[in-house]
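**Q** sequence-free structure coming up:
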Ligand code: AMP
Ligand code: GLY
């Protein structure tokens, strides 16, 4: 089989490596992929949002199956376009991807169907939002409606900060049209859990839970990033919490999307907060998380491509989805200065003996050399019987990846470890 994967990051590299385990796979094309994946996929210089280019390439190569991983092409209808061209694909259609691309849509969906989430108000008039926020309880949470590269959420500790956030989003249009509307919502407290799931609209199978580390610095300090590391499973996701999520959040969300005529097929990601009143939804994503995927897929014992194709064909109920009961840890090695100012183009070495544990997020090949080409450069994953060993293993790998100005957090997994110890 010829497989096409749309996207270019560490998540895509993890998906590609897992798909490669299927013996029927002859070739995987990554559009655009990155130089660090060249051993696992044929990288083709077609951008992830060039929908016409992707479809034309898929037809030209007679691709058998496509996986669309990032949010942007999903929201732009990449799966719709591939399907229209007769290419079966993994990922939601645009009318279902809206669950991530519009926070207003997802909040209204949850309200309508009684799915637990933070209480909220929606504004399309900046003056009204500014008036409202003056008396909002603190902290308060301001969110741009649309996609904003994970930066459209501001937790305001003072009324002034909230006002500044509204001005930046709605008046200065920091995130363009994504800021035409905003959500102002209640601040929730509790540990966060990420749960990715496979769903074909009839059946929903949660994957092993995980914990992201979003802040740039040790001890969860500094700026929000795309994620500096992950562990799986997440100790706060107990069997009791899992059962409650299934009953009150996961299945109701799948059913709600069906009732709205927006059947969701693909990977539905639940960003949850385990509050003292039970689990609540912080956000939905219409795709695999990054870097959650880099710990979740290494624990998947069943065949990923078989599961994906079963989702497309609405046969998930009859398909085995089995996870190992081991632990995984992924440590992101970034370029110093990320997520703000950082340099690219440092020569990088990844010793052969660790290649199978390294997911490359930002690299390119130039004159035969591998160069860093992004803020987050690689994710290093280890799987072990205990979390402690997985953390140690991931750091052992991360320290063997060499490039100038490399930066990593030193405490990935420590909070989870403490939670296990009670
Ligand atoms: P999001 O982009 O929606 O994932 O939000 C980014 C981060 O902001 C989340 O991972 C949470 O840590 C935090 N966050 C978002 N909404 C809330 C909320 N209502 N209460 C507390 N923290 C929040
Ligand atoms: N790691 C969070 C996300 O993928 O959105």
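**A** Yep, that arrived. Predicted, not measured: the structure shown is a model, and the values here were computed from it. Numbers count the residues shown, from 1 in each chain. Ligands and ions are numbered 1, 2, ... in the order given.

**Q** Let's see the pLDDT reported for the residue lying closest to residue 19 once chain neighbours are set aside.
**A** Distances taken as Cβ to Cβ, 6 or more residues apart in numbering put residue 305 closest to residue 19, at 5.0 Å, once the chain neighbours are dropped. No exception for glycine: its C-beta is placed from N, CA and C like everyone else's. Note for residue 305: predicted pLDDT of 98.

**Q** do you know how far residue 421 is from residue 235?
**A** Relative to residue 235, residue 421 is positioned 9 Å away (Cβ to Cβ, to the nearest Å).

**Q** actually residue 137, not the one I wrote
**A** 30 Å.

**Q** Those two - which one has more neighbours?
**A** The neighbour comparison of residue 137 against residue 235 (other Cβ atoms under 10 Å) goes to residue 235, with 20 against 7.

**Q** So the more buried one belongs to a strand, correct?
**A** No: assigned with DSSP: H, G, I helix; E, B strand; the rest coil, residue 235 falls outside any strand and is coil.

**Q** ok now do it, which residues does it touch?
**A** Residues near residue 235 by Cβ atoms under 8 Å, 6 or more residues apart in numbering: 211, 416, 419, 420.

**Q** does the first one sit in a helix, a strand or a coil?
**A** Classification of residue 211 into helix, strand or coil gives strand, according to three-state DSSP.

**Q** and the residue nearest to residue 102 when sequence neighbours are not counted, what does it touch?
**A** Leaving aside its chain neighbours, residue 102 sits nearest to residue 145 (5.7 Å; criterion: Cβ to Cβ, 6+ apart). For residue 145, the contacting residues are 102, 103, 104, 122, 178, 179, 180, 181, 182, 183, by Cβ under 8 Å, 6+ apart.

**Q** got it, and residue 259?
**A** Residue 259 makes contacts with residue 113, as judged by Cβ under 8 Å, 6+ apart.

**Q** Distance check, it against residue 96.
**A** Here the distance between residue 259 and residue 96 works out to 12 Å (Cβ to Cβ).

**Q** Contact partners for the nearest residue to residue 206 once chain neighbours are set aside?
**A** Nearest residue to residue 206, sequence neighbours excluded (Cβ to Cβ, 6+ apart): residue 197, at 4.6 Å. Residue 197 is in contact with 204, 205, 206, 207, 250, 267, 268, 269, 270, counting by Cβ under 8 Å, 6+ apart.

**Q** make it 7 Å
**A** Residues in contact with residue 197 (Cβ atoms under 7 Å, 6 or more residues apart in numbering) are 204, 205, 206, 207, 250, 267, 268, 270.

**Q** how distant is the host helix or strand of it from the center of its chain?
**A** Taking DSSP states H and E as the criterion, residue 197 maps to strand 192-199. Centroid separation for strand 192-199 versus its chain: 10 Å, with Cα atoms, centre = their mean, to the nearest Å.

**Q** mean confidence for that strand?
**A** Rounded mean pLDDT across strand 192-199 is 98.

**Q** what does stretch 12-21 give?
**A** Average pLDDT, stretch 12-21: 98.

**Q** what ranges do the helices span in the stretch 1-150 of the chain?
**A** With DSSP state H, counting those that start in this stretch as the criterion, the stretch 1-150 of the chain has helices at 10-19, 51-60, 71-75, 78-84, 94-101, 103-112, 126-133.

**Q** Go through the ones you listed and pick out the most buried.
**A** Greatest average neighbour count among those goes to helix 10-19 (a mean of 26), per mean count of other Cβ atoms under 10 Å.

**Q** From the contact counts, what lies against that helix?
**A** Applying 3 or more Cβ pairs under 7 Å, 6 or more residues apart in numbering; DSSP states H and E, one finds that helix 10-19 contacts strand 2-7, strand 27-32, helix 293-296, helix 304-312, strand 358-360, strand 376-384.

**Q** ok, 6 Å please
**A** Under the contact criterion of 3 or more Cβ pairs under 6 Å, 6 or more residues apart in numbering; DSSP states H and E, helix 10-19 touches strand 2-7, helix 293-296, helix 304-312, strand 358-360.

**Q** mind checking pLDDT for the closest residue to ligand 2 within the chain?
**A** The nearest approach of the chain to ligand 2 comes at residue 289, 3.4 Å away (Cβ to the nearest ligand atom). We have a pLDDT of 98 for residue 289.

**Q** Pairing partners for the helix or strand bottoming out on mean pLDDT in the chain, with directions?
**A** Ranked by mean pLDDT, DSSP states H and E, the weakest helix or strand in the chain is strand 221-224, scoring a mean of 90. Paired neighbours of strand 221-224 in the sheet (DSSP bridges): strand 215-217 (antiparallel).

**Q** how about the partner strand: buried residues?
**A** Buried residues in strand 215-217, counted by 16 or more other Cβ atoms under 10 Å: 215, 216.

**Q** And the contacts of that strand?
**A** By Cβ atoms under 6 Å, 6 or more residues apart in numbering, the list of residues contacting strand 215-217 from outside reads 221, 222, 223, 225.

**Q** Filter these down to the buried ones.
**A** Among the contacts of strand 215-217, those buried by neighbour count (16+ other Cβ under 10 Å) are residue 225.

**Q** Export the contacts of strand 215-217 as a markdown table, with columns for distance to ligand 2.
**A** Converted to a markdown table, those look like this (distance: Cβ to the nearest ligand atom, whole Å):
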| residue | distance to ligand 2 |
| --- | --- |
| 221 | 18 |
| 222 | 16 |
| 223 | 15 |
| 225 | 9 |
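
**Q** Now do the nearest residue to residue 349 once chain neighbours are set aside against residue 372, distance only.
**A** Nearest residue to residue 349, sequence neighbours excluded (Cβ to Cβ, 6+ apart): residue 402, at 4.7 Å. The gap separating residue 402 from residue 372 is 11 Å, by Cβ to Cβ.

**Q** Kindly report the same for residue 60.
**A** 32 Å.

**Q** residue in the stretch 201-350 of the chain nearest to ligand 1?
**A** Ligand 1 sits closest to residue 283 of the stretch 201-350 of the chain, with a gap of 3.5 Å, by Cβ to the nearest ligand atom.

**Q** is it fair to say that residue lies in a strand?
**A** Yes: under three-state DSSP, residue 283 sits within a strand.

**Q** Please, which helix or strand holds the residue lying closest to it once chain neighbours are set aside?
**A** What sits nearest to residue 283 in space, not counting adjacent residues and going by Cβ to Cβ, 6+ apart, is residue 271, at 4.1 Å. For residue 271, the element it lies in under DSSP H and E is strand 266-275.
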